[in-house]
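Asks: Turn this into a structure:
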Amino acid sequence: MTMELSGRAAHRAEITARAEAQMAAMGVDAAFIDRLVETFYGHIRRHPDLGPVFEGRLAGRWPEHMVKMKSFWSSIAFKTGAYGGKPVQAHHGVDGMAEGLFHQWLQLFSDTLVEVGATEEIHGWFMTSAERIAKSLVVSLFYNPAFDDPARKPAD
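Replies: Model prediction:
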């Protein structure tokens, strides 16, 4: 058992080292993550559709949220496993949450990446991650398998 645990730790360390090397080669560091998150959520707060939804959930808790989001994106980029939150639960039952907001969120994230000077490679990497996260949240929050039931589909 001890051998298995040390093997897992070594594997985890390899994954983190590879991710850190990949991010460093692209020019992504902790300062980039901080700038991205700060800039993005500054835009979120002023956005006519996204702002009220976020504010309704985070009023008075923005500093804590910023720390959490920096940890989240650092964990994604550097594969540290440091983020231990539950994103689906955090987004469930949020007043005003709608599937279409995720498209706006993704566009704003893309625009923010450009604004903070992300290279094409960095932009592509972060957008791939953001799109995967958004899709996972949309499926978790809005998908109803009953809608895929062939018996419920109208005949052509």
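Asks: could you pull out the helices for this structure?
Replies: 2-26, 30-46, 50-58, 62-78, 87-91, 101-115, 120-142 (DSSP state H).
Asks: Point to the helix or strand of the protein where mean pLDDT is at its lowest.
Replies: Lowest by mean pLDDT, DSSP states H and E among the helices and strands of the chain is helix 87-91, with a mean of 63.
Asks: need the helices of the chain in a markdown table with mean neighbour count, can you?
Replies: In this view, the C-beta of every residue, glycine as well, is placed from N, C-alpha and C. Converted to a markdown table, those look like this (neighbours: other Cβ atoms under 10 Å):
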| stretch | mean neighbour count |
| --- | --- |
| helix 2-26 | 12 |
| helix 30-46 | 17 |
| helix 50-58 | 16 |
| helix 62-78 | 17 |
| helix 87-91 | 13 |
| helix 101-115 | 16 |
| helix 120-142 | 15 |
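Asks: mean pLDDT for those: which is lowest?
Replies: The weakest mean pLDDT among the helices of the chain belongs to helix 87-91, with a mean of 63.
Asks: Might one say that residue 69 is in contact with residue 41?
Replies: Yes: here residue 69 lies in contact with residue 41, judged by Cβ atoms under 8 Å, at a distance of 6.7 Å.
Asks: Just give me the neighbour total for residue 28.
Replies: Around residue 28 there are 24 other residues, counting by other Cβ atoms under 10 Å.
Asks: hang on, it packs against residue 77?
Replies: Yes: under the criterion of Cβ under 8 Å, residue 28 makes contact with residue 77 at 5.9 Å.
Asks: Am I right that residue 141 is in contact with residue 98?
Replies: No: applying Cβ under 8 Å, one finds residue 141 not in contact with residue 98, separated by 9.5 Å.
Asks: Surely residue 126 is in contact with residue 109?
Replies: Yes: counting by Cβ under 8 Å, residue 126 touches residue 109, with 7.5 Å between them.
Asks: Now for the two: what residues contact both?
Replies: With Cβ atoms under 8 Å, 6 or more residues apart in numbering applied, the contact sets of residue 126 and residue 109 do not overlap.
Asks: where's residue 103 relative to residue 130, distance?
Replies: 12 Å (Cβ to Cβ, to the nearest Å).
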